[in-house]
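Novice: 3D, please:
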Amino acid sequence: MEKRAGVLIQNEKEANKAAAKVMRITFFIFTLIYLLNVAGIFVVDMKVMTVAYVAGSLLLWLPTIVVCVLKKQNGYVKYMLIGCSVLFVTIVTATLSYHVVIIYIYAIAISSLYFSKKINIITTIVSVVGVSAAQVVCFVFEILPDKNFTNMFKLFLYGIAPRAMALVAVAAIFTMLCRRTAALLSNVMNAEQQEQMIREMKELQQKSQQTSEELRRMVQELSTITESSMEANGQIAEETSGVLESFSENTNEITEVNERTQDINSSLEKLGEMNGRVS
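Specialist: Numbering: from 1, shown residues only. From the prediction side, this is the model:
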């Protein structure tokens, strides 16, 4: 479980870096669009386009500053990245209108990097609200008029509603891809965990064999020591028995000497009595 959490956290960190890189690349494309507007390819008012370019550039570079410069990898970072992408899409939609319909899925694609159904759903809802509001702003302020939408009813019926449904449909595809990728990642992690468990069991078996071999060696050494002790005790017993026998023989000899000494004393006493009678 800890290993799985570590893998998911590592994936989130890599996703933050990838999202920041994508948004840096988007900045250069956005710069090209701004230059095309300066050249007259697009017909957005320069003041409006300049304000949108500055605001969009700040949103596109903020992830790089937070992730790559400040090295922040907290849990809120991914939500900040997605928020920046949604706001960028909203600004671009309000400015360039029908020129950037394809970019509606931009924030949803970035959120898919995190393999999270919850994040994808939240991003989809916020994106639908953002692009819908941006279309209304573009229509009301006539930033880039679309001749297909002459009134608010037509804008909603033929513009906002169909695009919102298309965006939800595309988001559903991204969400399904996220779920499948997350499932595959989970299977890979389970396989790695099983492989790790097998390796640990093999290591445990090897350690058990080594321990058993060490115990067997110690038992053999103990048996050798015991046999040597028994032999030494036998020798000591034999030597003790010899000493006791020698001691017994010496005791008998001493007893015999004492008896002979007593006999000699008796003979001397008798001889003394006989000498006394003769004198």
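Novice: quick one: the strands in the stretch 1-150 of the chain?
Specialist: Assigned by DSSP state E, counting those that start in this stretch, the stretch 1-150 of the chain shows no strands.
Novice: show me where pLDDT drops low in it?
Specialist: Within the stretch 1-150 of the chain, the ranges that satisfy pLDDT under 70 run 1-8.
Novice: Assign a three-state SS to M230, would you?
Specialist: helix (DSSP: H, G, I helix; E, B strand; the rest coil).
Novice: So it versus K270, what's the distance?
Specialist: M230 sits at a distance of 60 Å from K270 (criterion: CB to CB, to the nearest Å). Quick note: C-beta positions are derived from backbone N, CA and C, even for glycine.
Novice: Repeat that for K147.
Specialist: Taken as CB to CB, the span from K147 to K270 is 172 Å.
Novice: got it, and V69?
Specialist: Noted for V69: a distance of 133 Å to K270, by CB to CB.
Novice: likewise L144?
Specialist: L144 is 164 Å from K270, where distance means CB to CB.
Novice: neighbour count winner among those two?
Specialist: Counting neighbours by other CB atoms under 10 Å for L144 and for K270 shows that L144 has the greater number, 19 against 10.
Novice: Wait, the more buried one touches M49, no?
Specialist: No - with contact defined as CB atoms under 8 Å, L144 does not count as touching M49 (9.8 Å).
Novice: joint contacts of those two?
Specialist: T95 (CB atoms under 8 Å, 6 or more residues apart in numbering).
Novice: Just give the nearest non-adjacent residue to A171, would you?
Specialist: Among residues not flanking A171 along the chain, T124 sits closest, at 3.9 Å (CB to CB, 6 or more residues apart in numbering).
Novice: That neighbour: neighbouring residues, count only.
Specialist: Neighbours of T124 (other CB under 10 Å): 22.
Novice: Pull the contacting residues for it.
Specialist: T124 is in contact with 108, 167-168, 171, 175, counting by CB under 8 Å, 6+ apart.
Novice: Then N11?
Specialist: 114-115, 185.
Novice: Please pick the buried ones from these.
Specialist: Burial by neighbour count, judged by 16 or more other CB atoms under 10 Å, picks out 114-115 from the contacts of N11.
Novice: my guess is V128 meets L167, correct?
Specialist: Yes - with contacts counted by CB under 8 Å, V128 reaches L167, the gap being 5.8 Å.
Novice: Mutual contacts of these two, please.
Specialist: Common neighbours of V128 and L167 are not found (criterion: CB under 8 Å, 6+ apart).
Novice: tell me which residues in stretch 42-62 are buried?
Specialist: Across stretch 42-62, burial judged by 16+ other CB under 10 Å covers 42, 44, 48-49, 52-53, 56-57, 59-62.
Novice: And for stretch 222-238?
Specialist: Going by 16+ other CB under 10 Å, stretch 222-238 has no buried residues at all.
Novice: among the contacts of T124, which two are most distant?
Specialist: Greatest spatial distance in those: L167 and T175, 12.3 Å, computed using CB to CB.
Novice: burial measure for K118, as a count.
Specialist: 11.
Novice: So the closest residue to A109 other than its chain neighbours versus F88, what's the distance?
Specialist: Using CB to CB, 6+ apart and skipping residues adjacent in sequence, the residue nearest A109 is F174, 6.7 Å away. Distance from F174 to F88, counting by CB to CB: 18 Å.
Novice: Of the two, which one has the most company?
Specialist: Set F174 next to F88 and count neighbours by other CB under 10 Å: F88 wins out with 26 against 17.
Novice: which residues touch that one?
Specialist: Counted by CB under 8 Å, 6+ apart, F88 has contacts 23, 26, 56, 59-60, 106-107.
Novice: repeat that for 6 Å
Specialist: If you count contacts by CB atoms under 6 Å, 6 or more residues apart in numbering, F88 has them with 56, 59.
Novice: now the one 4 residues further on
Specialist: The contact partners of V92, by CB under 6 Å, 6+ apart, come to 100, 103.
Novice: Please tell me how far P162 sits from L222.
Specialist: 89 Å.
Novice: Likewise for K21?
Specialist: As judged by CB to CB, K21 and L222 stand 67 Å apart.
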